[in-house]
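# Below: sequence and its predicted model.
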Amino acid sequence: METVYINSPLGITKIIGDEHGISVISVSDIDSNEISKTIPDVLQEAVLQLQEYFEGKRTDFDLKLNPKGTEFQQKVWKSLLEIPYGKTVTYMDQTKKLGDIKAIRAVASANGKNPLWIVVPCHRVIGTNGSLTGYAGGLSRKKWLLEHESPSLQQSLF
């Protein structure tokens, strides 16, 4: 497994992966001395796509992903990939789409354990009343991501 640390508007972003795919993307407030001087070949595309996302030049990711989790978590994380850029869904919407409304707590828990922040967009899931609830990176980062993706901020080229 290779690891790289890059600077981003959210803080220091850690990317871990290998030839099987990217397994972790997370953000922390670690010391900026941790920023990598070189980027391992296997992680270069992930770094490029994240930089494009933060610059407003990318709305979809095309990366080989390899998150580690249970079968249920994998199913939940896959459902997150269906939420379009600039859109949000509620935890209840996500749970209904997965087919078992009684599993709302389990779905929320799986979202909280998503190891691929930003790329697997758990930040696009909000409370039923529209509130920003639950994000492993903190609500301020969730708010930033949603504002970054907000259609009202996207400017037309015409």
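Structure's in. What do you need? Remember, predicted model here, so these are calculated numbers, not experimental data.
# which residue packs closest to residue 40, ignoring adjacent ones?
Spatial nearest neighbour of residue 40, chain neighbours left out: residue 2 (3.9 Å); criterion: CB to CB, 6 or more residues apart in numbering. All C-beta atoms are positioned from the backbone trio N, CA, C, and that covers glycine.
# who's in contact with that neighbour?
16-18, 40, 42-43 (CB atoms under 8 Å, 6 or more residues apart in numbering).
# pLDDT and distance to residue 122 for the residues you listed - can I get that in JSON lines?
Output for these, formatted as JSON lines (pLDDT from 0 to 100; distance: CB to CB, whole Å):
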{"residue": "16", "pLDDT": "97", "distance to residue 122": "17"}
{"residue": "17", "pLDDT": "97", "distance to residue 122": "18"}
{"residue": "18", "pLDDT": "96", "distance to residue 122": "23"}
{"residue": "40", "pLDDT": "90", "distance to residue 122": "26"}
{"residue": "42", "pLDDT": "93", "distance to residue 122": "24"}
{"residue": "43", "pLDDT": "96", "distance to residue 122": "21"}
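# ok, which stretches of this structure are strands?
For the chain, the strands defined by DSSP state E occupy 2-8, 11-18, 21-28, 89-90, 125-126.
# for the first one, what is the average pLDDT?
This points to strand 2-8. Strand 2-8 comes out with an average pLDDT of 94.
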